[in-house]
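Asks: What follows is a predicted protein model with its sequence.
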Amino acid sequence: MYSPIVQSQLMAFHNLIRLDEENQILREKRDQLLERLQRGLRRDFMAKGKVPPSFSTLNQGSYAMNTGITPADGEFDIDVGVVFEISRRDFPDPVVVKAWVRDALAGPNTKITIRNSCVTVSYVKNGNPYYHVDIAVFCPSSNGEQMYIGKGRENSLEKSRNWEPADPKGLIKLINGHRKGDEAAQFRRVIRYLKSWRDETFKKTGNAAPVGIGLTVAAYHWFQPQTRTVEKTQQFDDLATLRALVKQMLDRFSDGFLGLWEYRLRVALPVAPKTDVFARMSLKQMKDLETELKTLLASLSRAGAEVDPVAACEILRTVFGQRFPIPKPSTTGKRLAAPSVMPTSYS
């Protein structure tokens, strides 16, 4: 069933969680960190009598793709790319370059971790996590036509430390250009709903949560706008659209060979290196993801079958958390008669 008030509440929730593309606070934090990185590199290299490497920057992740959400726990996540003007031949081990970033940014109230795909800088305020920045380290090819991202941790084996082909600008262009007009707006809303569900569902086991870029790329592959005919007009139906996307994801769990035969969801990055964005999830994490997606699908189906908007929104609150608004019964006429409508999918 479709109830206009449920779409209204979903839109209100989206406006509440949406993180503006040009969020001033995050922009200032990013710029401060990059200035600190430049100063730290200059300090560290000049202390060794060397010239510090030059670098340029590029925005990454949800900030650049305009798919960010305001975190329920208050800890913001910023993604930024740092492109060092160096040669892979001179620095074959990218972990060495990542260590430059770590050392340059070391300071009080800061925790820095070299991860496989980035350097994470976490800031603490009054003893609590405040925000963290994921810095991906890149270098260009000799002709400047190809970008490479540094992979590996400090304890990684040599074979796991490498410069992997990447196309961060191409990915941003694809996501930002996916669909147009109202369809593009719904595409972003659905991604934000998924991220909010992810944060609510996996808040106690954060390391097992599916990465945001994975959810975004899944939506890129399988999002299909859903509308309903209400009083002879077509209206976007976010609840049906999200349900259809979740079902598509579940339908694509399958057996496959990745060193071993494994049952998992594989979502291919649409740009170089076209790897599976969920490849690093363990089999247990993948099983948990499937279980939680099934629970999400069931909840969305129950909410969509409700003729009482209050009851439907109460179900959605279990999916999205306490920030999801529930209308007062007096504003919904208690139970509304279900309109005679047919769902429509179009592209």
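Replies: Great, that's in hand. Numbering: from 1, shown residues only.

Asks: Ser141: how many residues sit nearby?
Replies: Look at Ser141: counted by other C-beta atoms under 10 Å, it has 13 neighbours. C-betas here are computed from N, CA, C, even on glycine.

Asks: What residues sit buried inside stretch 165-176?
Replies: Neighbour counts over stretch 165-176 (16 or more other C-beta atoms under 10 Å) mark Ala166, Asp167, Pro168, Leu171, Ile172, Leu174, Ile175 as buried.

Asks: Tell me the spacing between the fourth one and Glu183.
Replies: Going back to what we said before, that points to Leu171. In this view, Leu171 and Glu183 are 20 Å apart by C-beta to C-beta, to the nearest Å.

Asks: re earlier: which ones among the buried residues of stretch 165-176 are found in strands?
Replies: Applying DSSP state E to the buried residues of stretch 165-176, the entries found in strands are Ala166.

Asks: Include distance to Val96 when you put the buried residues of stretch 165-176 into TSV, please.
Replies: Below are those laid out as TSV (distance: C-beta to C-beta, whole Å):
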residue	distance to Val96
Ala166	18
Asp167	24
Pro168	21
Leu171	26
Ile172	27
Leu174	31
Ile175	31
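
Asks: Could you save the buried residues of stretch 165-176 as JSON lines and add columns showing distance to Leu296 and pLDDT?
Replies: Formatted as JSON lines, these follow (distance: C-beta to C-beta, whole Å; pLDDT from 0 to 100):
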{"residue": "Ala166", "distance to Leu296": "31", "pLDDT": "96"}
{"residue": "Asp167", "distance to Leu296": "31", "pLDDT": "96"}
{"residue": "Pro168", "distance to Leu296": "29", "pLDDT": "94"}
{"residue": "Leu171", "distance to Leu296": "25", "pLDDT": "96"}
{"residue": "Ile172", "distance to Leu296": "27", "pLDDT": "96"}
{"residue": "Leu174", "distance to Leu296": "26", "pLDDT": "97"}
{"residue": "Ile175", "distance to Leu296": "22", "pLDDT": "97"}
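
Asks: For this protein, which segments count as helices?
Replies: 4-17, 24-47, 61-65, 94-105, 168-176, 181-201, 212-222, 238-251, 283-305, 309-320, 329-332 (DSSP state H).

Asks: tell me the residue furthest from the middle of this protein?
Replies: With C-alpha atoms, centre = their mean as the measure, the chain has its most outlying C-alpha, relative to the mean C-alpha position, at Gly49: 40.8 Å.

Asks: And that residue, how far from Gln38?
Replies: The value you get for Gly49 to Gln38, if C-beta to C-beta is used, is 19 Å.

Asks: cool, Trp163 as well?
Replies: 22 Å.

Asks: Settle it for me: which of the two has more neighbours?
Replies: Using other C-beta under 10 Å, the more surrounded residue of Trp163 and Gln38 is Trp163, with 21 against 14.

Asks: shaky segments in the stretch 51-200 of the chain?
Replies: Scanning the stretch 51-200 of the chain for pLDDT under 70 picks out 74.

Asks: Save the helices of the chain as JSON lines, and put in distance to Ala136 too.
Replies: Below are the helices of the chain laid out as JSON lines (distance: least, C-beta to C-beta, whole Å):
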{"stretch": "helix 4-17", "distance to Ala136": "25"}
{"stretch": "helix 24-47", "distance to Ala136": "13"}
{"stretch": "helix 61-65", "distance to Ala136": "9"}
{"stretch": "helix 94-105", "distance to Ala136": "10"}
{"stretch": "helix 168-176", "distance to Ala136": "7"}
{"stretch": "helix 181-201", "distance to Ala136": "19"}
{"stretch": "helix 212-222", "distance to Ala136": "11"}
{"stretch": "helix 238-251", "distance to Ala136": "25"}
{"stretch": "helix 283-305", "distance to Ala136": "22"}
{"stretch": "helix 309-320", "distance to Ala136": "29"}
{"stretch": "helix 329-332", "distance to Ala136": "46"}
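
Asks: Tell me which of those is the most buried.
Replies: helix 61-65 (a mean of 23; mean count of other C-beta atoms under 10 Å).

Asks: Please enumerate residues in contact with that one?
Replies: 19, 21, 23, 26, 58, 68-69, 77-79, 134, 172, 175-176, 195, 212-213, 216 (C-beta atoms under 8 Å, 6 or more residues apart in numbering).

Asks: do that again at 7 Å, thanks
Replies: Leu26, Gly68, Ile78, Asp79, Ile172, Ile175, Asn176, Gly212, Ile213, Thr216 (C-beta atoms under 7 Å, 6 or more residues apart in numbering).

Asks: try stretch 68-81
Replies: Looking at what lies outside stretch 68-81 - C-beta under 7 Å, 6+ apart - the contacts are 17-19, 26, 29-30, 57-63, 129-136, 138, 168, 192, 195-196, 199, 321, 323.

Asks: tell me which residues in it are buried?
Replies: Here stretch 68-81 shows Gly68, Ile69, Pro71, Phe76, Asp77, Ile78, Asp79, Val80, Gly81 as buried, counting by 16+ other C-beta under 10 Å.

Asks: Quick check: the residue most central in space within the chain vs Ser54, distance?
Replies: For the chain, Gly212 is the residue whose C-alpha lies nearest the centre (C-alpha atoms, centre = their mean; 2.2 Å). Separation of Gly212 from Ser54 (C-beta to C-beta): 30 Å.
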